[in-house]
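Asks: Structure, please.
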Amino acid sequence: VEEWNDYATQMLTKSAMRSDNYVLIADLDFTGQPFLPFGGLTRSAGQYSFASSAAFSGTFDGQSHVIKNISSFTHGSMNKPPLGIFGASKGTIKFLVVDNMEIPQDKATIINANYVGGICAYQSGGSVENCAVINSTLFAGSGPLGGITGGDNGGTISNCAVYNTVFTNPGTQGTTVGGIVGQISAPTSVNDCYVNASFKNVQSNTGGIVGQIYYSNTTKTIVERCFAQGSFSFSTAGGSSSVSANGGIVGYARNLNMQNCGSTIDMSVNLVSFTGDKSLQKTAGAIGFADAVADIEGLEYCYATGKIAFSDKRGDNKMAGINAFVGQVTTDDKVVYKVPENCYSVEENYKALVSGDYVRSSGDRIYGAPATLKPQAFVQSGCLAKQLNDDFGATKVGDVYWGYSKTAFDGYPVPFAHDESAGVLALLRVK
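Replies: Coordinates of the predicted model:
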């Protein structure tokens with residue numbers, strides 16, 4: 001533990017150390033000890049601040065060891081710090097497990113935290129591979145929060161898992177939250193990842209896998225072979241009049257190509273709390289808000305089966321763009337939204353939204369479709385797994401296919417096997 005903090009401190013002034021290669025040879029327990037992230041920090045007059053120019057650029061191999069019981073990042077005074085095992089990285093981080101990281105709201109450091117990520121607060125051009133965050137509690141600061149990376153400015157996240165973890169938005173409306181990545185600001189690849197988590201006080205730009213994808217570059221962000229399960233509960237604590245862009249896979253999507261992804265995340269909404277001009281908008285089982293239909297043309301072989309349940313009837317102007325698969329699509333030319341091909345949602349969930357007057361459209365805003373509807377029994381019986389495999393055509397040796405088990409993952413299809421004890425995802429491939 002002392003050696004970790006010593007290395008992290010030296011990285012503040014010795015740039016060569018940030019580009020070195022490191023191997024973790026034992027578990028680290030930070031119970032009762034302060035923690036200082038590797039890279040991404042500068043220090044002036046005793047105060048630590050975020051600096052992407054000081055990013056870690058080497059290789060870190062955790063060898064599947066565990067860093068656990070981190071609850072204090074107060075290693076001196078901090079000003080908008082990045083909070084994570086790595087503050088910022090453009091290198092390679094692999095085979096690392098984080099257990100019981102607690103970033104509570106009442107810590108002074110979290111109030112203005114620039115980025116928060118279970119593995120890496122901010123990534124730019126690097127990769128995070130075969131890592132897991134488990135049994136953790138993560139609060140958002142003033143910037144993006146993600147289970148693996150908080151902010152991602154171009155990079156790769158692959159074969160990572162986040163489970164038995166709680167995400168909480170303490171009330172900053174602009175904060176983005178994602179089970180794997182909070183916010184993507186340049187073309188990024190997110191593949192073969194699994195999330196099992198609770199998202200509390202959900203406000204805007206929250207997704208089971210990615211909270212927000214937002215950049216002007218036309219190169220697509222790739223999200224594929226990812227699966228999310230858990231729950232969303234909503235809040236109106238933020239300053240905006242609307243709570244919007246929340247989805248079981250991606251909250252706010254621009255420049256997205258998504259294939260072979262699924263979500264079973266259930267959402268609960270207490271409309272009584274939506275007082276005054278507060279409203280719920282652009283919220284759905286898969287993608288909350290798709291910003292321009294041309295930018296999600298690669299949406300295929302996906303499903304969303306989570307329920308969206310309301311504790312009260314809709315009030316005037318309290319609801320817009322709620323759906324079972326995509327909540328709302330905005331297009332410059334007002335092209336009629338096309339139902340995604342080879343994508344599925346649950347018939348009973350959609351009918352409940354329609355009968356409750358929750359599926360609505362207005363003016364030139366095009367509201368999303370439920371995708372192809374299938375009965376609940378169909379999606380949990382192995383039939384949906386077969387349907388997806390038939391659609392995708394997983395026949396060649398090495399092709400990834402959708403698997404099914406009566407007991408694993410509540411019977412929903414997933415494209416991998418998962419060993420929680422090791423934090424490992426093993427893709428199911430045709431042999």
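
Asks: Could you list the low-pLDDT ranges of the stretch 301-431 of the chain?
Replies: Applying pLDDT under 70 to the stretch 301-431 of the chain picks out residues 312-318, 331-339, 360-369, 418-425.

Asks: So which residues of it form strands?
Replies: In the stretch 301-431 of the chain, the segments counted as strands under DSSP state E, counting those that start in this stretch are 303-304, 308-310, 319-323, 326-330, 344-346, 366-367, 372-374, 416-419, 424-427.

Asks: Select, out of those strands, the one closest to residue 401.
Replies: strand 424-427 (9.1 Å; CB to CB). Quick note: C-beta positions are derived from backbone N, CA and C, even for glycine.

Asks: which residues in the stretch 51-200 of the chain form helices?
Replies: Assigned by DSSP state H, counting those that start in this stretch, the helices in the stretch 51-200 of the chain fall at 108-111.

Asks: which residue of the chain sits farthest from its center?
Replies: residue 45 (35.4 Å; CA atoms, centre = their mean).

Asks: Would you reformat the strands of the stretch 301-431 of the chain as TSV and include distance to residue 113?
Replies: Putting the strands of the stretch 301-431 of the chain into TSV (distance: least, CB to CB, whole Å) gives the following:
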stretch	distance to residue 113
strand 303-304	31
strand 308-310	30
strand 319-323	30
strand 326-330	28
strand 344-346	35
strand 366-367	35
strand 372-374	41
strand 416-419	30
strand 424-427	28
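
Asks: Please tabulate the ones you listed in CSV and include distance to residue 281 and mean neighbour count as additional columns.
Replies: Formatted as CSV, the strands of the stretch 301-431 of the chain follow (distance: least, CB to CB, whole Å; neighbours: other CB atoms under 10 Å):
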stretch, distance to residue 281, mean neighbour count
strand 303-304, 18, 30
strand 308-310, 13, 20
strand 319-323, 5, 26
strand 326-330, 7, 26
strand 344-346, 19, 28
strand 366-367, 10, 20
strand 372-374, 23, 18
strand 416-419, 33, 16
strand 424-427, 33, 17
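
Asks: For residue 142, which of the ones you listed is the nearest?
Replies: Using CB to CB, the nearest of those to residue 142 is strand 326-330, at 25.7 Å.

Asks: ok now that closest one, how far from the chain's centre?
Replies: On the basis of CA atoms, centre = their mean, to the nearest Å, strand 326-330 sits 19 Å off its chain's mean C-alpha point.

Asks: Can you name every helix or strand that it contacts?
Replies: On a contact count with 3 or more CB pairs under 8 Å, 6 or more residues apart in numbering; DSSP states H and E, strand 326-330 meets strand 242-247, strand 279-284, strand 287-291, strand 319-323, strand 366-367.

Asks: Would you reformat the ones you listed as CSV and include distance to residue 359?
Replies: Converted to CSV, these look like this (distance: least, CB to CB, whole Å):
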stretch, distance to residue 359
strand 242-247, 15
strand 279-284, 10
strand 287-291, 14
strand 319-323, 6
strand 366-367, 7
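
Asks: residues contacting residue 371?
Replies: 286, 302, 303, 304, 324, 325, 326, 339, 340, 343, 344, 345 (CB atoms under 8 Å, 6 or more residues apart in numbering).

Asks: change it to 7 Å
Replies: Residues in contact with residue 371 (CB atoms under 7 Å, 6 or more residues apart in numbering) are 325, 339, 340, 343, 344, 345.

Asks: Reformat those as JSON lines; add distance to residue 402.
Replies: Compiled in JSON lines, these are given as follows (distance: CB to CB, whole Å):
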{"residue": "325", "distance to residue 402": "18"}
{"residue": "339", "distance to residue 402": "20"}
{"residue": "340", "distance to residue 402": "17"}
{"residue": "343", "distance to residue 402": "13"}
{"residue": "344", "distance to residue 402": "11"}
{"residue": "345", "distance to residue 402": "16"}
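
Asks: check contacts around the closest residue to residue 310 other than its chain neighbours.
Replies: Of all residues not flanking residue 310 in the chain, residue 269 sits nearest, at 4.9 Å (CB to CB, 6 or more residues apart in numbering). Contacts for residue 269 (CB under 7 Å, 6+ apart) come out as 234, 280, 308, 309, 310, 311.
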